[in-house]
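[1] Provide a 3D model corresponding to the input given below.
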Amino acid sequence: MTTPQTQQATSLSAYDAQVQEVDARLKVLKAQAEAKKAKSDMDEISGLTVAKEQVKKDIAQAKKFAADDYAATKKDFEQAKKNADRGLKDLQAKIDRVSERYSAWDDARERLLNARLDEADAKMKIWKAAADKDRAQDTRDAKAALATLEEKVALARVSAAEARREHYNAKSQQALEDAARYFDQAYDAAAKRYANTRG
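    Numbering: from 1, shown residues only. Below you'll find the model as predicted:
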């Protein structure tokens with residue numbers, strides 16, 4: 001036989017899964033904010049974590065009322081459940097807004113990286129032509145530097161495409177940041193060797 005208390009408890013069981021999802025999303029956002037080293041974002045995510053704890057308290061309160069005498073706690077249960085509903089919806093909406101901002105940031109960052117990679121491709125053509133023209137002793141070393149740069153450009157493009165496919169999860173974003181850093185190092189080394197003398 002189903003009692004009012006078991007009906008109330010059943011109506012609260014979906015909250016646990018929603019809170020677990022919120023926990024997981026907040027962990028991802030926190031990792032992204034730490035990677036970006038953005039204090040304001042970390043502060044905002046800390047505020048969301050506090051809001052999540054309040055939602056958990058509201059859910060716990062509703063569960064307590066659900067377990068108590070139905071007649072005595074019905075009004076309190078309904079209020080606690082309403083608070084939990086409102087708090088959870090508000091929290092999810094705020095997490096969605098922060099997630100969208102990170103996605104936009106990643107898209108902008110990827111466009112910037114692609115522009116730099118295109119510029120590197122153009123410069124490499126010029127530098128390769130100069131390396132082919134020069135028959136000096138260091139031509140072999142110069143070509144090796146250009147080959148390294150070419151490899152890093154290709155790796156950065158693959159990492160950017162993979163990060164996009166993976167929706168910028170923490171692992172793919174880290175791979176993209178590593179690839180961008182290695183590209184920067186190889187580009188700087190090639191630019192130092194060629195840019196000043198060969199345009």
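[2] what bits of this structure have low per-residue confidence?
    Within the chain, the stretches with pLDDT under 70 are 1-11, 69-72, 103-107, 132-142, 195-199.
[3] Could you point out the longest helix of it?
    helix 70-133 (DSSP state H).
[4] I'd like to know how far the residue positioned nearest the centre of the chain sits from Asn169.
    The residue lying closest to the centre of the chain (CA atoms, centre = their mean) is Gln32, at 4.5 Å. Look at Gln32 and Asn169: by CB to CB, to the nearest Å, they are 9 Å apart. For the C-beta atoms, the positions are set from N, CA and C on the backbone; glycine is no exception.
[5] next one: Val55
    From Val55 across to Asn169, the span is 25 Å (CB to CB).
[6] With Asp41 instead?
    17 Å.
[7] same question, Lys152
    Counting by CB to CB, the separation of Lys152 from Asn169 is 23 Å.
[8] So these two - more neighbours on which side?
    Lys152 (23 against 14; other CB atoms under 10 Å).
[9] Who are the contact partners of the more buried one?
    The contact partners of Lys152, by CB atoms under 8 Å, 6 or more residues apart in numbering, come to 179, 182-183, 185-187.
[10] and the next element down the chain from the longest helix of the chain?
    Remark: after helix 70-133, the chain's next helix or strand is helix 139-165, criterion DSSP states H and E.
[11] which residues sit against stretch 42-60?
    With contact meaning CB under 8 Å, 6+ apart, stretch 42-60 is reached by 12, 15-16, 19, 22-23, 26, 29-30, 33-34, 80, 83-84, 87-88, 90-91, 94-95, 98.
[12] go again using 10 Å as the cut-off
    Outside stretch 42-60, the residues that touch it by CB atoms under 10 Å, 6 or more residues apart in numbering are 12, 15-16, 18-19, 22-23, 25-34, 36, 38, 79-92, 94-95, 97-98, 101.
[13] how about it: buried residues?
    Residues of stretch 42-60 classed as buried by neighbour count (16 or more other CB atoms under 10 Å): 42, 44-45, 48-49, 51-52, 55-56, 58-59.
[14] Export those residues to a markdown table and append columns for secondary structure.
    A markdown table is the format used below for those (DSSP: H, G, I helix; E, B strand; the rest coil):
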| residue | secondary structure |
| --- | --- |
| Met42 | helix |
| Glu44 | helix |
| Ile45 | helix |
| Leu48 | helix |
| Thr49 | helix |
| Ala51 | helix |
| Lys52 | helix |
| Val55 | helix |
| Lys56 | helix |
| Asp58 | helix |
| Ile59 | helix |
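[15] Ala122: which of those is nearest?
    Met42 (38.1 Å; CB to CB).
[16] Any figure for the gap between the closest one and Leu117?
    With CB to CB as the criterion, Met42 and Leu117 are 30 Å apart.
[17] Check Ser99 too.
    Remark: distance between Ser99 and Leu117 (CB to CB) = 26 Å.
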